[in-house]
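Peer 1: 3D model of this:
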Amino acid sequence: MTIDDPWDPTDLSVLDRYLARTYPDSYAGLARTDDGSGVHIYRTTPSALDDEVRGHLRASVRFFPAEHTRSALERVAARVAADREYWRASGVRIAAIMVPHDGTRVEILSPHATAARAALLTRYGADLITVTLDDIVPLS
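Peer 2: Here you go, the predicted model:
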């Protein structure tokens, strides 16, 4: 697949997957503008990604700097997910792990965030995660 392949501009998931696969060392994510007329693309540094997108997208595109690439944040999220049993045994429930589209930090939601924040930040890095007090209860 290339960026020239046909895709539905209302479904940005195809573009998102392409950029994540093709530019793993710079791409963080994307989002539709509030009015739906354009796309915001987050990347760590200007790169060939910018030129390719500008040359192929007909929509209005704005580029924004990201702290981290998606691939880096997905590795952190996978580590947290793999450690869920460790945290559960330590009395910490991880309610959700989210990788943001803007490349900021992996968000860890926990009803035990206040007590566990320091340990989570130490284990995964304060520059890579945020810990939020929240208790998402699964529907099933």
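Peer 1: CA atoms for contacts and neighbours, from now on please.
Peer 2: Noted.
Peer 1: per the record, what domains does this structure have?
Peer 2: Following automatic domain parsing, one gets these domains for the chain: 13-65, 70-133.
Peer 1: Quickly, which of those domains bottoms out on average pLDDT?
Peer 2: The stretch with the lowest mean pLDDT among the domains of the chain is domain 13-65, at a mean of 90.
Peer 1: For it, measure first residue to last.
Peer 2: 20 Å (CA to CA, to the nearest Å).
Peer 1: give the contact list for residue 104.
Peer 2: By CA atoms under 8 Å, 6 or more residues apart in numbering, the residues touching residue 104 are 66-68, 128.
Peer 1: Just want the phi and psi numbers for it.
Peer 2: phi -80, psi -90 (degrees, to the nearest 10).
Peer 1: my guess is residue 51 is in a helix, correct?
Peer 2: Yes: secondary structure assignment (DSSP: H, G, I helix; E, B strand; the rest coil) places residue 51 inside a helix.
Peer 1: how about residue 50, what does it touch?
Peer 2: With contact set as CA under 8 Å, 6+ apart, residue 50 has these partners: residue 63.
Peer 1: if we can go back for a sec, out of the contacts of residue 104, name the ones that lie in helices.
Peer 2: Assignment to helices by DSSP state H places none of the contacts of residue 104 there.
Peer 1: so which of those residues is the most crowded?
Peer 2: Using other CA atoms under 10 Å as the neighbour test, the contacts of residue 104 are led by residue 68, with 23 neighbours.
Peer 1: gap between that residue and residue 74?
Peer 2: From residue 68 to residue 74 the distance is 10 Å (CA to CA).
Peer 1: With residue 42 instead?
Peer 2: From residue 42 over to residue 74 (counting by CA to CA), the distance is 15 Å.
Peer 1: For the nearest residue to residue 20 once chain neighbours are set aside, give its distance to residue 73.
Peer 2: Taking CA to CA, 6 or more residues apart in numbering as the measure, residue 20 lies nearest to residue 27, with 5.9 Å between them; neighbours along the chain are not counted. As defined by CA to CA, residue 27 lies at a distance of 11 Å from residue 73.
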